[in-house]
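*Asks:* Generate coordinates for the sequence data below:
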Amino acid sequence: MPSAGHYLFVEIAAQRCRQLMRGAKPKLDIRAHKYTTVATQEVAENLIPWEVRSEEEIAAEEAAARAAKAEEFAAAARAAESSPGGMLVDRYRRR
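*Replies:* Residues are numbered from 1 along each chain as shown. Here you go, the predicted model:
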């Protein structure tokens, strides 16, 4: 059975390959033409920074992003209410 390190290597290389396919610049000057070859070589030479996060860290980050988005939406709603155009729209909705 392969180790967790092997799966982690493959996952990081796959994500880097997607970045290269979308136009990211290679960090190595090699003659390879395939994105997978470039990506695996970059990961093998530790040129791609990465970190392992726990489920709690991911959940906290997602909650913070949702809260920021909710605050942004509330601020936009307050700005719309205070603008003259926003009041007219509200008047027409009430009729």
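*Asks:* Quick one: mean pLDDT over the helix or strand harbouring F9.
*Replies:* Of the helices and strands defined by DSSP states H and E, F9 is found in helix 4-21. Averaging pLDDT along helix 4-21 gives 92.
*Asks:* which secondary structure elements does the very next helix or strand once past that helix contact?
*Replies:* Once the chain leaves helix 4-21, the next helix or strand it forms, by DSSP H and E, is helix 35-44. Where contact means 3 or more CB pairs under 8 Å, 6 or more residues apart in numbering; DSSP states H and E, helix 35-44 is packed against helix 4-21. C-beta: built from backbone N, CA, C; applies to glycine.
*Asks:* the inter-axis angle of the helix it packs on versus helix 35-44?
*Replies:* Counting by axes from the mean of the first three to the mean of the last three CA atoms, to 10 degrees, helix 4-21 lies at 130 degrees to helix 35-44.
*Asks:* Now tell me what touches helix 4-21 from outside.
*Replies:* 24, 26, 35-36, 38-40, 42-44, 48, 50, 52 (CB atoms under 8 Å, 6 or more residues apart in numbering).
*Asks:* same question, stretch 60-74
*Replies:* R53.
*Asks:* Now render the contacts of helix 4-21 as CSV, adding pLDDT, neighbour count and distance to R16.
*Replies:* Putting the contacts of helix 4-21 into CSV (pLDDT from 0 to 100; neighbours: other CB atoms under 10 Å; distance: CB to CB, whole Å) gives the following:
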residue, pLDDT, neighbour count, distance to R16
A24, 93, 14, 8
P26, 92, 16, 10
Y35, 94, 18, 9
T36, 94, 14, 9
V38, 94, 21, 8
A39, 95, 26, 4
T40, 94, 19, 8
E42, 94, 21, 6
V43, 93, 21, 6
A44, 92, 12, 11
I48, 90, 15, 5
W50, 84, 11, 9
V52, 82, 7, 16
